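# predicted model and sequence below, questions to follow.
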Amino acid sequence: MRVVLLGGAGYIGSVASHHLVSLGHDVTVVDGLIYHRGDDPCRLLPPAATFVHGDLRDRGLLDRACEGADAVVHLGGIVGEPASRLDEHLAVELNYASPMIAAQAAAGIGQYVFFSSCSVYGVHEGTVDEDTDPNPLGIYARTKVLAERRLPDVLGPGTALTSLRLATVHGTSPRQRLDSVVNSMTSRAAATGRIPLNGGSQRRPLVHVGDVAHVLAAVLDQRLVGGWNVGSDAENHTIGDIATTVAATVPGAVIDYGPERDEADARDYRVSFARLQQALPGACATGLKDGVREIADLLLTGTVTDPGQPQYDNHRGLIAAYTEGKIGRLNTPECRTFTDEYTAAWGTP
């Protein structure tokens, strides 16, 4: 199968590219390298993968990259609310306009997979599932919700659509991130012996980055369509649970307790992954402790010496790229069309 991974040199994409190549797929990675660290991006990818450097909002580039593909997977964009708030217009272009423009290029191709997020649930009592109405609390989640709603119209009936709502991802990757909750707590604990904890009662489902890659491969192989929460019921944790696990796993680490709730991130939800388990029994079996050990080992073995570097933090990396003029608004006709759609649905920009 010829698979095009849009944003495939990122934290999840680089892991997925290795896994798909190992299964014998013909993989093309298209990436704008927003968080490029200065080394050869091909070092992040398997030698057999084809790499195309380009902006994921460039319709002509996407047309050429998707030609002859069996499946197109959109993983790219700005991750998380803090980074999205840096420039809402830019976030809308990268997180909403980009997957929509890619869908135009992919129309008629067998399958289109869109990477969404469990962040769309926002705050909910009880347990949410794929039939629960989204409650997006910020720019990032709103772009995901709107893309899920509009992609079927843009793709048309000739292309099967799969939307994967990921739990919070953790674990190691060739393009390492250390700013998600598990990776951040663990890297700080290994580097300083301290674990800052705010909002310990808030709930987060977790999923290992390697498990996400395996789910993607299964989705492509079995042509699973529709919307799916990606994670495991056993991996619904509170922020406090995560801190306790990190403290128990990283030698000498202790928790620094702060305010009871982190008002900067009010998300709080427990997610059911029953549908995924019915389709893919045993999926997402890697536990929190495994991811914590992986990240701790990066620090304890000296593979990572300074977890505070911008290259490991998407928010800080985006600020650097934005300030240096490496990324910015395009305001092409296609981008304006979809930005206007976002504005009509949610207000500003």
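Arrived safely, thanks for sending.
# so which residues of the chain form helices?
11-22, 59-66, 81-84, 88-92, 98-106, 139-155, 181-192, 209-222, 239-249, 274-279, 288-300, 314-323, 333-346 (DSSP state H).
# which one of those lies closest to Pro41?
Nearest to Pro41, of all those, is helix 11-22, at 9.2 Å by CB to CB. C-beta: built from backbone N, CA, C; applies to glycine.
# residues touching the closest one, excluding its own?
By CB atoms under 8 Å, 6 or more residues apart in numbering, the residues outside helix 11-22 that reach it are 3, 5, 7-9, 27, 29, 31, 44-46, 48-49, 73, 75-76, 115, 166, 169, 173-177, 209-210, 212-214, 216-217, 220.
# which one of the helices of the chain lies nearest to Asp268?
That would be helix 239-249 among those, by CB to CB, at 9.5 Å.
# what packs against the closest one?
With contacts taken as 3 or more CB pairs under 8 Å, 6 or more residues apart in numbering; DSSP states H and E, helix 239-249 sits against helix 181-192, strand 194-197, strand 203-208, strand 254-257, helix 288-300.
# partner strands of the third one and their direction?
Sheet pairing here is set by DSSP bridges, and for strand 203-208 it gives strand 168-170 (parallel), strand 236-238 (antiparallel).
# if we can go back for a sec, most tightly packed of the helices of the chain?
Highest mean neighbour count of the helices of the chain: helix 98-106, a mean of 26 (counted as mean count of other CB atoms under 10 Å).
# off-centre distance for it?
18 Å (CA atoms, centre = their mean, to the nearest Å).
# what average pLDDT does it get?
Across helix 98-106, pLDDT averages out at 98.
# mind putting the helices of the chain in JSON lines, distance to Thr162 included?
Shown next, in JSON lines, are the helices of the chain (distance: least, CB to CB, whole Å):
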{"stretch": "helix 11-22", "distance to Thr162": "14"}
{"stretch": "helix 59-66", "distance to Thr162": "16"}
{"stretch": "helix 81-84", "distance to Thr162": "23"}
{"stretch": "helix 88-92", "distance to Thr162": "23"}
{"stretch": "helix 98-106", "distance to Thr162": "12"}
{"stretch": "helix 139-155", "distance to Thr162": "10"}
{"stretch": "helix 181-192", "distance to Thr162": "25"}
{"stretch": "helix 209-222", "distance to Thr162": "5"}
{"stretch": "helix 239-249", "distance to Thr162": "29"}
{"stretch": "helix 274-279", "distance to Thr162": "11"}
{"stretch": "helix 288-300", "distance to Thr162": "25"}
{"stretch": "helix 314-323", "distance to Thr162": "24"}
{"stretch": "helix 333-346", "distance to Thr162": "20"}
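# run a quick neighbour tally on Pro157.
8 (other CB atoms under 10 Å).
# how near is the residue nearest to Arg2 when sequence neighbours are not counted to Gly54?
Closest residue to Arg2 apart from its sequence neighbours, by CB to CB, 6 or more residues apart in numbering: Asp26 at 4.4 Å. Per CB to CB, to the nearest Å, Asp26 is found 19 Å from Gly54.
# picking that back up, let's have the helices and strands packed on helix 239-249 in CSV, adding distance to Leu280.
CSV is the format used below for these (distance: least, CB to CB, whole Å):
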stretch, distance to Leu280
helix 181-192, 22
strand 194-197, 33
strand 203-208, 13
strand 254-257, 35
helix 288-300, 19
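# between these, which one is nearest to Cys66?
Nearest of these (CB to CB): strand 203-208, 27.2 Å.
# check the offset of that closest one from the chain's centre.
12 Å.
# what's the answer for stretch 87-97, then?
15 Å.
# check what contacts that stretch and list those residues.
Counting by CB under 8 Å, 6+ apart, residues outside stretch 87-97 touching it are 56-57, 76-78, 83-85, 139-140, 143-144, 146-147, 322, 327-330, 334-335, 337-339, 341-342, 348-349.
# what's the end-to-end length of it?
14 Å (CA to CA, to the nearest Å).
# what does stretch 322-331 give?
Counting by CA to CA, you get 16 Å between the two ends of stretch 322-331.
# with stretch 14-30 instead?
Termini of stretch 14-30 sit 11 Å apart (CA to CA).
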